[in-house]
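Everything below, folded, please.
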Amino acid sequence: MVVVSSEAGAPTVKSQLDAQRDELMRGVRSDPLVQAVLTRFPGAEIVDVRGPEHDPPESHAGDGENEMPLPSDDDDR
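Alright, predicted model coming up:
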């Protein structure tokens, strides 16, 4: 048995996720720091936004592992 309704259905999951992403992008674009960066670097664009639920990458600063040496002035010659 097939039931057809004349009422509109709920938005698709994709359209809901797209709306959430659009809202997040608008919020990021309105941030004064982001506006300053975009003004300072003409042509820069926001290509990805992660919400607060994402953990920041682990910092390995100070453990000495995987650190690249800084170039010295002698390296410029």
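
burial measure for Met25, as a count.
A count of neighbours around Met25, defined by other C-beta atoms under 10 Å, yields 13. Using the backbone N, CA and C atoms, a C-beta is placed for each residue, glycine as well.

In this structure it contacts Val47, no?
No. Counting by C-beta atoms under 8 Å, Met25 does not reach Val47; the two are 10.3 Å apart.

Which residues are in contact with each of these two?
Shared contacts of Met25 and Val47, defined by C-beta atoms under 8 Å, 6 or more residues apart in numbering, are absent.

Other residues contacting the longest helix seen in the chain?
The residue-count maximum for a helix in the chain (DSSP state H) belongs to helix 13-29. Here helix 13-29 makes contact (C-beta under 8 Å, 6+ apart) with Pro11, Val34, Gln35, Leu38, Ile46, Val49, Gly51.

can you give me the end-to-end distance of stretch 36-53?
Taking C-alpha to C-alpha, to the nearest Å, the first and last residues of stretch 36-53 lie 25 Å apart.

and it, average pLDDT?
Stretch 36-53 shows a mean pLDDT of 87.

ok, and for that stretch, which residues are buried?
For stretch 36-53, the neighbour count (16 or more other C-beta atoms under 10 Å) marks no residue as buried.

per-residue confidence for the residue nearest to Pro11 when sequence neighbours are not counted?
Among residues not flanking Pro11 along the chain, Ala19 sits closest, at 7.5 Å (C-beta to C-beta, 6 or more residues apart in numbering). Looking at Ala19, its pLDDT is 94.

Now do Ala19: how many residues are near it, please.
11.

Over to the one 4 residues further on?
A count of nearby residues for Glu23, using other C-beta under 10 Å, gives 10.
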